[in-house]
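Enquirer: Need a 3D model of the sequence below.
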Amino acid sequence: MSAKAPEALKSTEGLPKVVRAKGSYLWDTAGKQYIDGSGGPAVYCLGHAHDEVNAAVADQMQAIAHAYRYNFTSDALEELTEIIRAHVGGTLREMVFVTSGSEAVESCLKIALQYHTANGQKSRRKFISRQRSWHGNTLGALGVSGFAERTAAYEGAFIPSIKLSPANAYRPIAGATAETAGAACAAELEAAILREGAENITAFIFEPVVGAAGGCVPAPEGYAKRVREICTRHGVLMIADEVMCGAGRTGTWRALERDGVEPDLMSVAKGLAAGYVPLGVAICTSAVWQVIRAKDGAFGTGHTFSGHTAGCAAGVAVQKIIARDGLLARVKANEARLKGWLSDALSGVEAVGDIRGRGHFICTELVADRESKRPFEAHRKLFLKIRAQAMQNGLICYPVGGNVDGVQGDIVILAPPYNCTDAELTEIVEKCATSIRQVLTAEGLA
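Expert: Now for the predicted structure:
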């Protein structure tokens, strides 16, 4: 085991210093090699130092790095807009480009509020979201997040938000089963709308596949369609936060595409420009835009770096490569393989409670007891110890704690680049399983 105290890994003190990266690998100053099994925090979907993306960004920087969005449009911005429109389909056609996932979520919240104000329903000021969700680090995004460890310091300063139970087929809410979890959670949403008064609700925001806060938790069967019906009936906007699970991470460009649902607004970021330049986008339907346009003429949200030209150029290059190389189909096809390989590599490990997720967004949940699904005690900090052991083994993965109730629960997320080779995927799975086994053995839990 690493000599470093696991608690220290919550900070950025004492980390190895990276010096270069190429494809799925990174190297530190000591020459140690790491394979990137999680794309950092599910960002680097084309790996590192991709020659074509680097060239596209360099060319744009030579021409003009950043043209202020409210003075100029640009080829890069217009081309990326059309690429996204083609990917999302339907009526999701209007968008605001930003520089992070948190800003993308914040923009969705602001657009929702602007829409209801423009529509003469300014009483709609409350948001509904879910526990065990993570929407970002800006104040508005924090307020709708259900991730106590990350929100506790700011409680009392948030915009109004009503928190519902997590929608998780592996851990269904009281009185529900895996098969009825979707219907039960949708019913809880409608009950909250009726209790608070639909005239007071702005929007319901959720992650179609929950990322860090839950561990690659897909929407239960039928849940998203039922939510769509409820929101439409009550005039509540539906916001899909696809910052982590969107842009192809789950095998379709929109994660909700697999659920057969179109939201009113959606946020996308991490895989949009693959981390080459910070980039995110808030997208809304034509119906939402037309109301805003008729009353205000433009979106009220925007930032100095909105539509950053070099960022958009990176996004264009990344999205063209993904389309040209058929990577979404590869990601979707790899889903069953990754789950199967993980299951085989962790065979006989009684602490494995669930292996779940979609595409290149797969999670292993560890439990103290499979039958009851009881998590390990929080004081063990298994997720931090697994992170440290994996780094020692030359693997970057994404372990997180508190996925069950905000305090207890240990998960390990894998989110490899879309263009990983089979050999690299095998290395990631084997090193992940080895790291989990080593920690459980060292803790006397194997």
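Enquirer: Please, where are all the helices along the chain?
Expert: 39-42, 51-63, 75-88, 101-118, 139-143, 148-151, 181-196, 223-234, 286-296, 309-324, 327-345, 382-392, 422-442 (DSSP state H).
Enquirer: List the buried residues for the first one?
Expert: It stands for helix 39-42. Going by neighbour count (16 or more other Cβ atoms under 10 Å), the buried part of helix 39-42 is Gly39, Pro41, Ala42. C-beta coordinates here come from the backbone N, C-alpha and C atoms, glycine included.
Enquirer: The fifth one too?
Expert: By neighbour count, with 16+ other Cβ under 10 Å as the criterion, the buried positions of helix 139-143 are Gly140, Ala141, Leu142, Gly143.
Enquirer: Next, format those residues as a markdown table and append distance to Ala112 and pLDDT.
Expert: Formatted as a markdown table, these follow (distance: Cβ to Cβ, whole Å; pLDDT from 0 to 100):
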| residue | distance to Ala112 | pLDDT |
| --- | --- | --- |
| Gly140 | 11 | 96 |
| Ala141 | 13 | 97 |
| Leu142 | 17 | 96 |
| Gly143 | 13 | 96 |
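Enquirer: Can you tell me which of those residues is nearest Val210?
Expert: Using Cβ to Cβ, Ala141 is the member of these that lies nearest Val210, at 14.7 Å.
Enquirer: That closest one against Leu109, yeah?
Expert: Yes: between Ala141 and Leu109 there is a contact at 7.5 Å, judged by Cβ atoms under 8 Å.
Enquirer: who touches both of the two?
Expert: Common neighbours of Ala141 and Leu109 are not found (criterion: Cβ atoms under 8 Å, 6 or more residues apart in numbering).
Enquirer: Grab the nearest non-local neighbour of Gly260.
Expert: Nearest residue to Gly260, sequence neighbours excluded (Cβ to Cβ, 6 or more residues apart in numbering): Lys225, at 6.2 Å.
Enquirer: Contacts only, for Ile355.
Expert: Lys339, Leu342, Ser343, Leu346, Ile362, Cys363, Thr364, Glu365.
Enquirer: Now the residue nearest the centre of the chain: closest residue in space that isn't a chain neighbour?
Expert: The centre of the chain sits closest to Met244, judged by Cα atoms, centre = their mean, with a distance of 1.9 Å. Distances taken as Cβ to Cβ, 6+ apart put Gly211 closest to Met244, at 3.7 Å, once the chain neighbours are dropped.
Enquirer: for Ala224, same thing?
Expert: Ala224 sits nearest to Asp259 (Cβ to Cβ, 6+ apart), 3.8 Å away.
Enquirer: Distance-wise, check that neighbour relative to Ser372.
Expert: Applying Cβ to Cβ, to the nearest Å, the value for Asp259 to Ser372 is 30 Å.
Enquirer: Mind checking which of the two has more residues around it?
Expert: Asp259 (23 against 9; other Cβ atoms under 10 Å).
Enquirer: residues contacting that one?
Expert: With Cβ under 8 Å, 6+ apart, Asp259 has these contacts: Pro208, Ala219, Tyr223, Ala224, Lys225.
Enquirer: The residue nearest to the centre of the chain against Cys45, yeah?
Expert: No: taking contacts as Cβ under 8 Å, Met244 lies outside contact range of Cys45: 11.2 Å.
Enquirer: which neighbours do those two share?
Expert: Overlap of the contact sets of Met244 and Cys45 (by Cβ under 8 Å, 6+ apart) consists of Lys270.
Enquirer: So, low pLDDT: which residues of the protein?
Expert: By pLDDT under 70, the low-scoring segments of the chain are 1-12.
Enquirer: domains in it, as residue ranges please.
Expert: 6-49+326-442, 52-324 (automatic domain parsing).
Enquirer: for the first one, the distance to its chain's centre please.
Expert: It stands for domain 6-49+326-442. From the chain centre to the centre of domain 6-49+326-442 is a distance of 15 Å (Cα atoms, centre = their mean, to the nearest Å).
Enquirer: The chain should start at 434 in everything you say after this.
Expert: Renumbered: residue one is now 434, and that last one reads domain 439-482+759-875.
Enquirer: Out of the helices of the chain, which gets nearest to Gly684?
Expert: Of the helices of the chain, nearest to Gly684 by Cβ to Cβ is helix 760-778, at 3.0 Å.
Enquirer: how near is Ala706 to Ala489?
Expert: For Ala706 relative to Ala489 (Cβ to Cβ), the value is 10 Å.
Enquirer: same deal with Gly679?
Expert: 21 Å.
Enquirer: ok, those two, which is more surrounded?
Expert: Each of Gly679 and Ala489 has its neighbours counted (other Cβ under 10 Å); Gly679 has more, 32 against 23.
Enquirer: ok, the closest residue to the more buried one other than its chain neighbours - contacts?
Expert: Of all residues not flanking Gly679 in the chain, Val701 sits nearest, at 4.5 Å (Cβ to Cβ, 6+ apart). When contacts are counted by Cβ under 8 Å, 6+ apart, Val701 touches Ile517, Ala537, Glu675, Val676, Gly679, Ala680, Gly713, Val714, Ile716.
Enquirer: Put together a markdown table for the residues you listed, with distance to Phe816 on each row.
Expert: A markdown table is the format used below for the contacts of Val701 (distance: Cβ to Cβ, whole Å):
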| residue | distance to Phe816 |
| --- | --- |
| Ile517 | 34 |
| Ala537 | 27 |
| Glu675 | 24 |
| Val676 | 21 |
| Gly679 | 24 |
| Ala680 | 26 |
| Gly713 | 26 |
| Val714 | 31 |
| Ile716 | 33 |
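Enquirer: which one of those residues sits closest to Tyr603?
Expert: Nearest member of these to Tyr603, counting by Cβ to Cβ, is Glu675, at 21.1 Å.
Enquirer: one step back: what distance do you get for the residue nearest to Gly693 to Cys678?
Expert: For Lys658, the distance to Cys678 - Cβ to Cβ - is 17 Å.
Enquirer: Between those two, which has more neighbouring residues?
Expert: Per other Cβ under 10 Å, whichever of Lys658 and Cys678 has more neighbours is Cys678, with 31 against 16.
Enquirer: hang on, the earlier thing: filter the contacts of Ile788 down to just the buried residues.
Expert: Using 16+ other Cβ under 10 Å as the burial test, those include Lys772, Leu775, Leu779, Ile795, Cys796, Thr797, Glu798 as buried.
Enquirer: Could you tell me how far the fifth one is located from Lys658?
Expert: This means Cys796. 24 Å.
Enquirer: just the second one next, same as before
Expert: For Leu775, the distance to Lys658 under the criterion Cβ to Cβ works out to 29 Å.
Enquirer: Tell me which residues touch the closest residue in space to Gln547 that isn't next to it in sequence, please.
Expert: Nearest residue to Gln547 in three dimensions, chain neighbours excluded: Gly733, at 5.1 Å (Cβ to Cβ, 6+ apart). Gly733 sits next to Lys543, Ile544, Gln547 when contact means Cβ under 8 Å, 6+ apart.
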